[in-house]
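A.B. asks: coords below, sequence missing:
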């Protein structure tokens, strides 16, 4: 399933659209062109299916595409960044 990621700048979060009007989110704080990734969350009933990793990777792609820099403060986001040679160079942790 190809899920769509929405960058909700009004709410300061990235939202992965899921079934039944649910969404997985990463919240951030913005300072100029830099995003501090604070928290990630997947609905409890959908955990353990790889949705969190998909959310984080699509968020990283969007951050890169939109020209932001970012620091991972959320432990899960930081872990995903560290596991990739590519993302660990782009996302500070």
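C.D. replies: Nice, I can see it. What you see is a predicted model; the values in this text were computed from it and never measured. Numbers count the residues shown, from 1 in each chain.
A.B. asks: going forward, measure contacts between C-alpha atoms and count neighbours the same way
C.D. replies: Noted.
A.B. asks: helices or strands next to the helix or strand bottoming out on mean pLDDT in the chain in the packing?
C.D. replies: Lowest by mean pLDDT, DSSP states H and E among the helices and strands of the chain is helix 85-90, with a mean of 89. Contact here means 3 or more CA pairs under 8 Å, 6 or more residues apart in numbering; DSSP states H and E; on that basis helix 85-90 packs against helix 75-82.
A.B. asks: the strands in the chain, which residues?
C.D. replies: Secondary structure of the chain by DSSP state E: the strands cover 5-8, 13-17, 23-31, 34-41, 69-72, 91-92.
A.B. asks: so what touches the shortest one?
C.D. replies: Counting by CA atoms under 8 Å, 6 or more residues apart in numbering, the neighbours of strand 91-92 from elsewhere in the structure are 60, 69, 70, 71, 72, 81.
A.B. asks: farthest pair within those?
C.D. replies: Across the contacts of strand 91-92, the longest distance by CA to CA is 13.2 Å; it joins 69 and 81.
A.B. asks: more neighbours, the two?
C.D. replies: residue 81 (23 against 16; other CA atoms under 10 Å).
A.B. asks: quick one: low-confidence parts of the protein?
C.D. replies: 1 (pLDDT under 70).
A.B. asks: which helix runs longest in it?
C.D. replies: helix 51-65 (DSSP state H).
A.B. asks: please state the offset of it from the chain centre?
C.D. replies: 5 Å (CA atoms, centre = their mean, to the nearest Å).
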